[in-house]
Each structure stands twice: as C-alpha cells, then as structure tokens.
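Engineer: Got a predicted model here, sequence first, then my questions.
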Amino acid sequence: MSLFAVLDPAVRLAHDVVSSLAGVMPTALAIVLFTVAVRLALHPLARAAARGEKTRMRLAPQLAELNRKHKGKPEKLQAAMAELYREEKSSPLAGCLPMFVQIPFFSVMYRLFTSPNDLLDHTLFGVPLGLHVGAAHGPAQLVVFGALYAALAAVGYASFRRARRLSAGTTAPGAAFAPYLSFLTVLFAALVPLAAGLYLLTTTAWTAAERAWLHRDAPARAVLAEAA
C-alpha cells in the first residue's frame with residue numbers, strides 16, 4: 001500500500017465536496033472556493049505560527065547574547081535557552097508545529113488535483129483542468145496557461161519584495177537567496193495539471209495576503225521562513 005494511500009478517504013471527501021460545488025458553478029470556480037474554505041479553516045494554525053515567529057523575533061537579541069555567553073558550551077547554551085523559553089511560556093517550535101500540522105491538508109489538495117478523476121475532465125476557458133502545459137495545443141490553450149503563470153509570478157514578486165525588505169541586513173546563511181524561493185511555485189505549476197496550478201495560485205495568493213496581515217506590525221527584519 002502506498003504511503004499516501006492513508007489520505008485516500010480525505011481525498012474522496014474533498015472530491016465529493018468539490019463535485020457538489022461544481023454542480024452549481026463552474027468547476028474551476030469550485031476549486032478556488034474550496035481552496036479558500038480550506039485555508040480559512042487552517043487560519044487559526046497560521047495565527048499560531050505567526051505568534052511563534054514573533055516570539056522568536058522578540059527573543060532574538062537575548063538568544064544572541066546567550067550564544068555569546070555560552071560559546072563553546074552547548075549543554076549550558078541549551079539549558080539557558082530552555083529556561084528563557086520557559087519564562088516566556090513559549091517554545092522554539094511554537095511557529096513550526098502548526099505548519100507541520102497543515103502538511104496533510106495540503107497533501108490531500110495536491111492529490112485531488114493531480115490524480116485522475118472526473119473533475120479534471122471539466123474545462124477552464126476551453127482548457128481541460130487535467131491538461132499539462134506540455135500537452136497544450138493552439139494559442140488559446142497556451143494563453144490560459146500563460147495567464148496562470150503570469151498571475152503566479154505576480155504573487156511571487158509581491159512575496160519576493162516583502163522577503164527582501166524583511167531580510168534586509170540579515171547575515172544568516174542563505175538569507176540572500178531565500179527571497180527567490182517565492183518564484184518556485186511558477187516552476188512547480190509548469191509540472192502539474194491546470195487544476196493543480198489553479199489551486200497553487202489560490203493558496204499562494206492567500207498565503208501572501210495572510211502573512212502580510214498577520215505580520216503587519218512586524219519590524220523590518222523578520223524571520224525568513226515567513227517569505228518561503
């Protein structure tokens with residue numbers, strides 16, 4: 001049995017929900033609305049992650065001082081860091097765990113829009129939702145894919161600019177490269193069917209808007225993970 005087979009019941013449930021929506025609206029719009037509903041349901045986890053990120057940002061100067069004070073003494077450093085987080089009633093994983101919890105949800109969405117099913121037989125502006133860009137033929141189909149990639153690139157650029165601003169002056173390893181990861185969704189969208197690309201556009205646009213809102217009061221130098 002495939003490792004991802006455990007997600008099949010959830011995938012079937014998601015399929016049934018999208019199919020029901022597609023009975024009263026275009027399937028492409030049903031995919032967008034379903035994705036928005038899922039991201040809205042996961043919003044409390046995003047808020048928890050943002051709180052954890054802000055805590056790490058606030059404690060960064062104290063953590064840097066502890067690193068200086070206990071340099072070369074990893075046991076004492078770990079104990080001091082644990083004590084600091086205990087006093088703050090937080091954890092160094094506070095911003096990460098909510099994101100890990102979201103992974104199964106995103107895996108279900110990915111399998112729904114990349115595995116063969118009747119939803120992918122529907123079309124968006126005449127282009128089958130199960131079609132890959134490599135199999136597109138004619139200018140009309142290429143225009144649809146091009147518009148999708150342009151929209152993803154626009155969202156990526158917005159995230160890129162925000163990431164560059166937030167990481168200004170950061171000397172952490174990979175800091176200069178991290179903002180460019182914002183454009184990876186464009187590349188990934190070129191490898192999956194149109195339906196999955198539509199899902200990527202919806203979820204990345206939601207992520208960009210959600211992070212901008214949750215971190216609207218963050219200082220100019222923020223965690224790079226936010227920009228991924």
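Structural biologist: Great, that's in hand. Here the structure is a predicted model, which is why all the values come from computation and not from measurement.
Engineer: how about the helices in the protein?
Structural biologist: 8-22, 27-41, 43-69, 74-87, 97-114, 139-166, 184-189, 194-214 (DSSP state H).
Engineer: among those, which is nearest Asp121?
Structural biologist: helix 27-41 (8.8 Å; C-beta to C-beta). For the C-beta atoms, the positions are set from N, CA and C on the backbone; glycine is no exception.
Engineer: Relative to Thr123, which of the helices of the chain is closest?
Structural biologist: The nearest among these, by C-beta to C-beta, is helix 27-41 at 7.9 Å.
Engineer: how many degrees apart are the closest one and helix 43-69 in direction?
Structural biologist: With axes from the mean of the first three to the mean of the last three C-alpha atoms, to 10 degrees as the basis, helix 27-41 and helix 43-69 are set at 50 degrees to each other.
Engineer: Could you list every helix and strand in contact with helix 27-41?
Structural biologist: In this structure, helix 27-41 packs against helix 8-22, helix 97-114, strand 123-124, helix 194-214, with contacts taken as 3 or more C-beta pairs under 8 Å, 6 or more residues apart in numbering; DSSP states H and E.
Engineer: to the chain's geometric centre, what's the distance from the second one?
Structural biologist: On the basis of C-alpha atoms, centre = their mean, to the nearest Å, helix 97-114 is displaced by 10 Å from the centre of the chain it belongs to.
Engineer: Out of the helices of the chain, the one nearest His122 is which?
Structural biologist: Nearest of the helices of the chain to His122, taken as C-beta to C-beta: helix 27-41 at 3.7 Å.
Engineer: Can you give me the buried ones in that closest one?
Structural biologist: When burial is assessed from 16 or more other C-beta atoms under 10 Å, helix 27-41 yields the following buried residues: 27-28, 30-32, 34-35, 38-39.
Engineer: between those residues, which is closest to Ala14?
Structural biologist: Phe34 (7.2 Å).
Engineer: ok, the closest one touching Ala14?
Structural biologist: Yes. The criterion here is C-beta atoms under 8 Å, and Phe34 meets it with Ala14 at 7.2 Å.
Engineer: Now do Val133 against Arg86, distance only.
Structural biologist: As judged by C-beta to C-beta, to the nearest Å, Val133 and Arg86 stand 52 Å apart.
Engineer: Not including adjacent chain positions, what is the nearest residue to Arg47?
Structural biologist: Spatially, and ignoring its direct neighbours in sequence, Arg47 is nearest to Leu214 (6.4 Å; C-beta to C-beta, 6 or more residues apart in numbering).
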